[in-house]
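*Asks:* Sequence and predicted structure below; questions after.
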Amino acid sequence: MVPVIVGVVVTPISIGVGSVLLGTSDDSEAAGGDVPTPMSTELKAGDVGVPVMYAKLLRDAAADCDEKPLTAPVLAAQLKRESNFNPRARSVAVDTATGDEGSLTDPRSAQQRAEDGKTGEQPVEDALSGGGTPTAPGSSEVPSGEAPPDVAQAARPVTRGIAQFSDADWAAEGVDGNNDGVKDVLDPADAIPSQGRKMCGLLRTAEQHPGYRGTPLELALAGYHMGWETVERYGGVPRASGADGETYEYVKAVVKSSSQMVVPVGGDVAGGWTLPVEGPAGTPYHQRGSAWSTGLHTGVDFVIPAGTQVKAVGPGEVVTAGAGGDYGNQVVIRHEDGTFSQYAHLSEVKAVVGQSVQGGTLIGWSGDTGNSSGPHLHFEVRTGPGFGSDVPPVPFLRTKGLIL
């Protein structure tokens, strides 16, 4: 999955702890340097970012590594490049014909392949992805910028899964991330922790080679893609104009897209967190009264007219959408941290079950359906999808920077 780079790129791309200066006037090498840390490293979950079910796995994988360059957005960008978040992705030999369905052999859509400049061809990355690296005969040093013997031509191993491990690498580096007794390369709960551990080890190795071409993160990415032996042969990240320029493009693409996996600070745009409606709070949480079956109000009400747009408070997946008894028309969203939010008494539901949403996604319109004394939005935060698992919503919203 190698994009065609058009024009000259001279602007360093922020990745949190370094930058990559790729595509300079002579298009000859990668170079790193310190840049300010971005203001946010929160993953952008949903349709235009990281699939919700993988967000926690990525955060945990990054947190388990004490190397600062390894962040959840970097790991997410890597998975986007390796498999497009397809847990069943499988690379194929370069000369293997493929269809246009974008499934196991090539997880990209036809549009993505067209954007990568490889429409109608087997993408080089699918054939080269993964950690296993062929060993070229001999151990003589190769002049910088020249192709090591047989590296570009050697057959690469087939790689599988969301993180594109070869069988040999998986046997050596795969972990049982979910502790179910099985190390399954096709299970993201195992593959993503394995990806994080491998990248962490490569970063430690890279930091021992300050003279190599590229930042430690760039070197680690190159090592993940083609094996550390390749990095050693080239004395760093391969040059764009060399025989292994595809690895150079891989590193460039991952670093660039990592910034697209981050939620901008502010909370109410592009997948962040926001209040469900614009309007004052009414009946508070756990107010007592005979209007409620338990004698307690299980959420917080927003006093708004019928027909007001109701939005998801944060990234997640819709698990309930439709009629809900006393709640009237409702939507329930499961968020990536395991909490649930409920939106009740809607006049109309727009969201559908299984839909990925972000903070600010329109999910319906307020109303007074169900057990309601007038138009308003009833909002709950829960530990489970159903009634009876409610928790105080105001403190939860405050943890997201939202004040009623």
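*Replies:* Yes, it's here. Numbers count the residues shown, from 1 in each chain.
*Asks:* Which secondary structure element is home to the residue lying closest to residue 393 once chain neighbours are set aside?
*Replies:* Computed as C-beta to C-beta, 6 or more residues apart in numbering, the closest residue to residue 393 that is not its neighbour in sequence is residue 381, at 4.3 Å. Where C-beta positions appear, they are placed from N, C-alpha and C, glycine not excepted. Under the criterion of DSSP states H and E, residue 381 resides in strand 377-382.
*Asks:* Alpha carbons of that strand, in PDB - could you do that?
*Replies:* The C-alpha coordinates for strand 377-382 follow below in PDB (Å, rounded to 0.1, in the frame of the first residue of the first chain):
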ATOM      1  CA  LEU A 377     -33.800  15.000  26.900                       C
ATOM      2  CA  HIS A 378     -33.200  12.300  29.600                       C
ATOM      3  CA  PHE A 379     -29.500  11.500  29.700                       C
ATOM      4  CA  GLU A 380     -27.800   8.600  31.600                       C
ATOM      5  CA  VAL A 381     -24.300   7.200  32.000                       C
ATOM      6  CA  ARG A 382     -24.200   3.500  32.800                       C
END
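*Asks:* same question for that strand, mean pLDDT?
*Replies:* Mean pLDDT, strand 377-382: 95.
*Asks:* Can you point out the buried residues in stretch 182-193?
*Replies:* Buried residues in stretch 182-193, counted by 16 or more other C-beta atoms under 10 Å: 183-185, 187-193.
*Asks:* Of those residues, which belong to helices?
*Replies:* Applying DSSP state H to the buried residues of stretch 182-193, the entries found in helices are 188-193.
*Asks:* Give the helix, strand or coil label for residue 56.
*Replies:* helix (DSSP: H, G, I helix; E, B strand; the rest coil).
*Asks:* quick one: it from residue 396, how far?
*Replies:* As for residue 56, its distance to residue 396 is 17 Å (criterion: C-beta to C-beta, to the nearest Å).
*Asks:* Which other helices and strands does the strand holding residue 381 contact?
*Replies:* Using 3 or more C-beta pairs under 8 Å, 6 or more residues apart in numbering; DSSP states H and E, the elements in contact with strand 377-382 are strand 300-302, strand 340-349, strand 390-391, helix 393-399.
*Asks:* Of the ones you listed, which is nearest residue 293?
*Replies:* Among the helices and strands packed on strand 377-382, strand 390-391 comes nearest to residue 293, with 12.6 Å by C-beta to C-beta.
*Asks:* for the record, mean pLDDT for that closest one?
*Replies:* Average pLDDT, strand 390-391: 92.
*Asks:* Need the contact partners of that strand.
*Replies:* Applying C-beta atoms under 8 Å, 6 or more residues apart in numbering, the contact partners of strand 390-391 are 285, 298-299, 339, 380-383.
*Asks:* Surely residue 320 and residue 332 touch.
*Replies:* Yes. Counting by C-beta atoms under 8 Å, residue 320 does reach residue 332; the two are 3.7 Å apart.
*Asks:* What is the burial count for residue 256?
*Replies:* By other C-beta atoms under 10 Å, the residues close to residue 256 number 17.
*Asks:* sorry, that was for residue 208
*Replies:* When neighbours are counted by other C-beta under 10 Å, residue 208 comes out with 8.
*Asks:* could you measure it against residue 74, distance?
*Replies:* Counting by C-beta to C-beta, the gap from residue 208 to residue 74 is 20 Å.
*Asks:* Also residue 341?
*Replies:* Distance of residue 341 to residue 74, given as C-beta to C-beta: 29 Å.
*Asks:* ok, the two, which is more surrounded?
*Replies:* residue 74 (26 against 23).
*Asks:* any common contacting residues for residue 320 and residue 332?
*Replies:* 342, 385.
*Asks:* Looking at the two, which has the bigger crowd around it?
*Replies:* Shown here are residue 320 and residue 332; by other C-beta under 10 Å, residue 332 has more neighbours (23 against 20).
*Asks:* State the mean pLDDT of stretch 72-85.
*Replies:* Average pLDDT, stretch 72-85: 93.
*Asks:* Can I get that stretch in CSV? Just the C-alpha atoms.
*Replies:* C-alpha atoms of stretch 72-85 as CSV (Å, rounded to 0.1, in the frame of the first residue of the first chain):
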residue,chain,number,x,y,z
ALA,A,72,-1.4,5.0,20.6
PRO,A,73,-1.8,7.3,17.5
VAL,A,74,1.4,5.9,16.1
LEU,A,75,0.3,2.3,16.6
ALA,A,76,-3.0,3.1,15.1
ALA,A,77,-1.5,4.7,12.0
GLN,A,78,0.7,1.6,11.7
LEU,A,79,-2.3,-0.7,11.7
LYS,A,80,-4.1,1.6,9.2
ARG,A,81,-1.1,1.2,6.9
GLU,A,82,-0.5,-2.5,7.5
SER,A,83,-4.1,-3.8,7.2
ASN,A,84,-6.6,-0.9,7.2
PHE,A,85,-7.7,-2.4,10.5
